[in-house]
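> fold the following and give me the result.
(one chain, ligands or ions: 6)
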Amino acid sequence: MKAFILGLTGAIAIAGTALGMGTTDDGCLVCHRLKGLSIVNKENKVEDCSISDALFAHSVHRNVGCTECHTDIEEYPHRPGSGKVNCATQCHVIDPSTKKPFSHKKVYETWKKSVHGKNYQKAPDIYPYCTYCHTNRLLIDVNKFEALKMSFDRCSICHQNKEWVKDRLSHVASREPIPIIKNGFTHQFIKTRRDGWEIVELCASCHEDKKKMEKALDIEGIHNKFEREHVLTAVESYKVTMHAKMLYLDRNDTRAADCLDCHTNKDGNFHDIFHKNDPRSSINPKNIELTCGRSTECHPLAPKYHMKNFATTKWVHMHPIPDSLGQKIVKIVEEFMFWLTTSTLLFAVTIVGLDLLKNLRRKH
Ligand code: HEC
Ligand code: HEC
Ligand code: HEC
Ligand code: HEC
Ligand code: HEC
Ligand code: HEC
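Ligands and ions are numbered 1, 2, ... in the order given. Below you'll find the model as predicted:
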């Protein structure tokens, strides 16, 4: 009964605010802006259901109404399990380039066919859906950057509505090569919004998880021992390569290849990831020349047709193959350099320590 009364008052409040403010939140925020609004889910965990309206208003989905994504939520109390969202639905937002209602359907279809989407229904906790990789991120604030502030002032010479201009400018600027400072690093929006190392971390969050990937390999029906080994060590074997080390040292180094550079096709939409035997895969023998050919700007001395030879496992994923002489030499040199550096540092520390001791003794 209490729930009913609450629902009724809520519904009245919804109607009131929705009419009053004309916002896109469909009145949902009347309840959902309350801090600490939570549910206990099936796994007995408390899940926060409160939404910060200030943050939502500056996010990429700010112009989409709550019920356009949460299409199943029509009443309060909500029906159980109605929180799921389908990212391929069409919303009322009009794409100015086509004047048609907007939808992520094209990306959705690519994902659905890809290695990440085709078996998603079988194990939604192992395979990544859109929401695993994408959160409702915030647009960058045009007032915070000198260069953008100047553009902003210029736009308003013609466009009188400042809020509108700010909104449009930040939409474009979030995808432009404008440096921003985050955690002490300079980020550039150029190739992808995420920097190279962030992409590695995103992919590694699953691909480094042996238990998860073993389950997935069973679902995929990949039983060949070597093939399994290659998939299971994909991140580890990438991290020892030059590409990974360049990115690790400078996460903005656009010269170094991150996972997406090699695993997606050149003119694709970042979601066309397939098994290497699939002819649609960027690392399929049919396409590898084109994929690695992209890197001629980084490897200017290597002719395009030779790049194919680099694309063998041992250059782009250094798999631990015990019988390869090259791998052995690399391992030995690596070990040697480690011990050389460590012993040099230890030696230096000892000398400084002894010197300090000498000075202390002299003083007394
Ligand atoms: C009268 C208050 C109220 C209103 C209005 C309301 N909600 Fe809720 N909502 C709740 C409460 C309380 C919960 C947590 C308990 C539950 O699931 O009923 C919740 C839970 C949710 C969940 C999580 C459900 C899940 O199973 O994970 C979603 C999603 C949600 N609401 C979306 C919406 C949307 C979209 C609207 C607007 C159309 C809306 N709510 C309007 C009170 C409200
Ligand atoms: C662009 C689509 C989109 C819009 C717009 C949107 N949501 Fe959501 N919302 C989602 C997705 C996706 C999830 C995660 C669902 C899942 O995990 O299955 C979610 C989750 C939630 C949850 C569950 C708690 C949580 O954090 O997982 C609540 C509550 C909620 N949304 C309320 C709202 C309200 C209120 C609005 C309007 C202000 C809104 N949503 C607008 C897509 C959207
Ligand atoms: C495995 C992780 C992953 C999954 C799953 C995924 N994406 Fe992406 N998506 C990315 C990455 C990485 C980018 C590159 C741009 C970036 O880093 O923001 C991207 C880019 C995009 C962009 C362009 C964004 C921009 O600002 O340039 C859209 C739109 C998009 N994805 C939608 C979707 C939709 C819809 C789905 C579900 C059908 C989905 N994605 C599933 C990782 C993923
Ligand atoms: C010289 C005047 C002028 C300046 C300066 C100017 N605009 Fe415009 N803008 C226009 C006119 C006129 C149109 C509509 C006609 C057209 O598309 O050319 C327009 C159209 C647009 C549109 C497309 C709107 C739609 O829905 O189709 C966007 C977005 C936009 N401007 C953003 C900006 C931004 C951001 C800036 C600053 C970087 C800017 N404009 C600077 C005059 C200007
Ligand atoms: C939520 C977990 C998850 C995330 C995040 C994820 N993957 Fe996957 N990926 C999987 C699963 C599960 C498979 C299927 C197992 C398989 O085919 O080996 C898979 C398969 C693959 C395959 C095919 C492997 C094969 O067998 O040939 C490639 C390549 C791949 N992912 C690359 C990426 C890249 C690049 C990213 C980052 C943009 C990424 N993955 C992010 C879970 C994930
Ligand atoms: C420089 C290009 C390049 C980069 C960067 C790269 N890969 Fe690969 N990856 C390849 C190629 C080429 C293959 C196929 C190797 C072969 O033919 O044995 C492959 C194979 C794989 C496989 C399947 C194993 C197999 O042999 O079938 C997975 C999974 C994978 N990569 C994931 C990743 C992840 C995750 C990252 C980022 C941490 C990444 N890759 C970075 C080029 C790259």
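
> alpha carbons only for contacts and neighbour counts from here, please
Noted.

> is stretch 153-160 positioned near ligand 4?
Yes - Stretch 153-160 is in contact with ligand 4 by Cα under 6 Å from any ligand atom, via 154-155, 157-158.

> closest point of the stretch 151-300 of the chain to ligand 2, which residue?
For the stretch 151-300 of the chain, the residue closest to ligand 2 is residue 171, as judged by Cα to the nearest ligand atom, at 15.5 Å.

> would that residue count as being in a helix?
Yes - assessed with DSSP: H, G, I helix; E, B strand; the rest coil, residue 171 lies in a helix.

> which ones are touching it?
60, 139 (Cα atoms under 8 Å, 6 or more residues apart in numbering).

> and the gap between it and residue 235?
Using Cα to Cα, to the nearest Å, residue 171 is found at 33 Å from residue 235.

> sec struct for the residue in the chain positioned nearest to ligand 4, please.
Nearest to ligand 4 in the chain, going by Cα to the nearest ligand atom, is residue 155, at a distance of 3.5 Å. The local conformation at residue 155, judged by three-state DSSP, is helix.

> give the contact list for it.
residue 165.

> show me which positions of the helix ranked longest in the chain end up buried.
Ranked by residue count, the top helix of the chain under DSSP state H comes out as helix 325-363. Using 16 or more other Cα atoms under 10 Å as the burial criterion, the residues of helix 325-363 that qualify are residue 327.

> if I look at residue 70, how far off is residue 227?
Distance of residue 70 to residue 227, computed by Cα to Cα: 40 Å.

> between those two, which one's more packed in?
The neighbour count for residue 70 versus residue 227, taken as other Cα atoms under 10 Å, is higher for residue 70 (16 against 11).

> check contacts around that one.
Shown in contact with residue 70 (Cα under 8 Å, 6+ apart): 82-85.

> my guess is residue 222 contacts residue 228. True?
Yes - in this structure residue 222 lies within contact range of residue 228 using Cα atoms under 8 Å: 6.7 Å.

> for the stretch 51-200 of the chain, just list every one of the helices.
For the stretch 51-200 of the chain, the helices defined by DSSP state H, counting those that start in this stretch cover 53-57, 66-69, 105-113, 130-133, 146-158, 162-173, 196-207.

> residues in contact with the first one: which ones?
In other words, helix 53-57. By Cα under 8 Å, 6+ apart, the residues outside helix 53-57 that reach it are 29, 33, 62, 138.

> same check, this time on the third one
Counting by Cα under 8 Å, 6+ apart, the neighbours of helix 105-113 from elsewhere in the structure are 87-90, 117-118, 269, 271-272.

> ok, and which of these reach ligand 6?
Counting by Cα under 6 Å from any ligand atom, no member of those reaches ligand 6.

> just the buried subset of those residues, please.
Neighbour counting by 16+ other Cα under 10 Å classes 87, 90, 117, 271-272 among the contacts of helix 105-113 as buried.

> so which of the contacts of helix 105-113 are in strands?
The strands, defined by DSSP state E, take in residue 90 from the contacts of helix 105-113.

> turn the contacts of helix 105-113 into TSV, columns for distance to residue 175 and pLDDT.
TSV is the format used below for the contacts of helix 105-113 (distance: Cα to Cα, whole Å; pLDDT from 0 to 100):
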residue	distance to residue 175	pLDDT
87	21	92
88	22	91
89	24	90
90	23	88
117	26	95
118	29	93
269	15	86
271	18	94
272	21	94
